[in-house]
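S.K.: This is the structure alone, sequence omitted:
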C-alpha cells in the first residue's frame, strides 16, 4: 500500500455510506493522531486501539439525527507523489466552514481553524466534510 492515510479516510467514508457502525484498519501513530482530531471534531464517535496479534485501530462512526453519516466526502490534498505545504495565511475555510482541513504541523496534527489561531502552517493532508 503506497498511501495508508488515503486508504484510512476512504475506508471511513465508504463505511459511513454503507451504514456500518465500526471500521477497523491497521494501526500507525499518524493514523491514531488523525483519528483523535476527527473525534474532537465530531466526525467519529469513538476510537480504540486493538493490540492482539496485529495492532489495529477500531473506529466507531458518528451519524446525524436522520441517520446520515457525519463524513459525507473526503479529498486527499498531499499525496506521496506531490506534497502540498500551506502557510497559516493561505488557509481558507473548507466548504464555507462546514468542512475541515487536517494539517500536519510542527505542533502535531491540527485542524485549519487551530492552525490559523496558532499561526502555524504545515503539510495539508486532506479535507473532510
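M.R.: Noted; the coordinates are in hand. Small disclaimer: the values here were computed from a predicted structure and weren't measured. Numbers count the residues shown, from 1 in each chain.

S.K.: CA atoms for contacts and neighbours, from now on please.
M.R.: Will do.

S.K.: what are the ranges of the helices in the protein?
M.R.: With helices called from DSSP state H, the chain shows them at 4-17, 29-41, 112-118.

S.K.: give me every residue that touches the closest residue to residue 54 other than its chain neighbours.
M.R.: Counting by Cα to Cα, 6 or more residues apart in numbering, residue 54 lies nearest to residue 26, which is 7.9 Å off, once chain neighbours are set aside. The contact partners of residue 26, taken as Cα atoms under 8 Å, 6 or more residues apart in numbering, are 54-57.

S.K.: Report pLDDT for the residue of the chain positioned farthest from its centre.
M.R.: Distance from the centre of the chain peaks at residue 53, with 25.5 Å (Cα atoms, centre = their mean). Confidence at residue 53, expressed as pLDDT, is 74.

S.K.: Ok, residue 1 next?
M.R.: 67.

S.K.: picking that back up, now render the contacts of residue 26 as a markdown table, adding neighbour count.
M.R.: Below are the contacts of residue 26 laid out as a markdown table (neighbours: other Cα atoms under 10 Å):
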| residue | neighbour count |
| --- | --- |
| 54 | 8 |
| 55 | 12 |
| 56 | 17 |
| 57 | 19 |
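
S.K.: and the helix or strand bottoming out on mean pLDDT in the chain, what does it pack onto?
M.R.: Of all the helices and strands that make up the chain, strand 44-51 has the lowest average by mean pLDDT, DSSP states H and E, namely a mean of 92. Counting contacts by 3 or more Cα pairs under 8 Å, 6 or more residues apart in numbering; DSSP states H and E, strand 44-51 is packed against helix 29-41, strand 55-61.

S.K.: I appreciate the help and will end here.
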